[in-house]
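[1] Here is a sequence together with a model predicted from it:
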Amino acid sequence: MDTGARSTTERSPPAVRALGYAVAAWCLGFAGVSLWLVADLVAHPEAAAARYAADASGLVVMSLLVLVLKLAGAGVALAAVLAGPGWPARRLRLLGTALWGAFGLLALYSAGNLFITVGTESGLLAPSAAWTAAGGVTGRAVLYVLFFLAGAALFGVLAVWFHRRHHLRWTAAAAGLAGAPLLLGLVLALIPAILGRWGLLPT
C-alpha cells in the first residue's frame, strides 16, 4: 500500500543542508533569548520581583515553554536535511507535518503583528497598552517583525523542499498548517489564561 512518503538514497544537496543549518541556527539563537531571560529571572529574583511584580514566575514558565518549542524547531530542521535512506514513512510524514506547522505558526504570528501595526498606524485599531508602552513603531519593533518573517520564509522553503523530496501527500501539509493556529492559541491565549487563574500572570 502506498504510504505517500518515500525515503531517498541521495544526500541532501549542500545548499539545502546549509538552509537546514540556517533554520536550526535561527531557532537556537531565538532559544538563547528565552534561556537568558529565564537565567536572569532565576539569578536575580529581587530585581525580577521589582520589575515584574507577581508576574515573574509566570514569565519563567512561559519562557521555558517557548524554549522547548524553539529547541524542537531546531531539531526538526536538522532532521529534515539529515534524513537518511530507509527512514520509515511515518517519520517522514511527521517531519513534513512539523515543518509545515512551524511555517504556519511563524507566518500567522508575523501576519498578526503586521495587521496590528498597520491597523494601529492607520487609526483602524486603538493603540493597546503594550503598544503605547513599547513606543509604537520603533527600529526594534521593525527588526522584531522582520526576524519572524525571516524565520517563516526559511521554514517555508525547507517545508516545500522536504515535501517534494519525499513525495508527501497534501494531508501532511494540511495537518501542519491546521495545527499552527491551535498551537499559537495555546501559547498566546490558553496557557497565559491558566497561569492567570493561578495568579502567575495578569488576567
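    Sure thing, it's come through.
[2] Tell me which helix or strand comes right after whichever strand or helix holds residue 184.
    Using DSSP states H and E, residue 184 sits in helix 170-185. Later in the chain than helix 170-185, the nearest helix or strand by DSSP H and E is helix 191-197.
[3] Buried residues of the helix holding residue 184, list them for me.
    172, 173, 175, 176, 177, 179, 180, 184 (16 or more other Cβ atoms under 10 Å). The way it works is simple: take the backbone N, C-alpha and C, and place the C-beta from them, glycine included.
[4] Excluding chain neighbours, give the residue nearest to residue 80 in space.
    Counting by Cβ to Cβ, 6 or more residues apart in numbering, residue 80 lies nearest to residue 162, which is 4.9 Å off, once chain neighbours are set aside.
[5] That should have said residue 61, apologies.
    Per Cβ to Cβ, 6+ apart, closest to residue 61 is residue 195, 6.2 Å.
[6] Any chance of a markdown table for the buried residues of helix 170-185, columns pLDDT and distance to residue 144?
    Converted to a markdown table, these look like this (pLDDT from 0 to 100; distance: Cβ to Cβ, whole Å):
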| residue | pLDDT | distance to residue 144 |
| --- | --- | --- |
| 172 | 96 | 30 |
| 173 | 97 | 27 |
| 175 | 98 | 29 |
| 176 | 98 | 24 |
| 177 | 98 | 23 |
| 179 | 97 | 24 |
| 180 | 97 | 19 |
| 184 | 95 | 16 |
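[7] In contact with the residue nearest to residue 80, which residues?
    80, 95, 96, 99, 168 (Cβ atoms under 8 Å, 6 or more residues apart in numbering).
[8] Among these, which one has the most neighbours?
    Most neighbours among the contacts of residue 162, by other Cβ atoms under 10 Å: residue 99, with 29 neighbours.
[9] Helix or strand: which one has that one?
    According to DSSP H and E, residue 99 maps onto helix 89-122.
[10] My guess is residue 150 contacts residue 26. True?
    Yes - counting by Cβ atoms under 8 Å, residue 26 is a contact partner of residue 150 at 7.1 Å.
[11] Those two: which has the busier surroundings?
    Higher neighbour count among residue 150 and residue 26: residue 26, with 21 against 14, using other Cβ under 10 Å.
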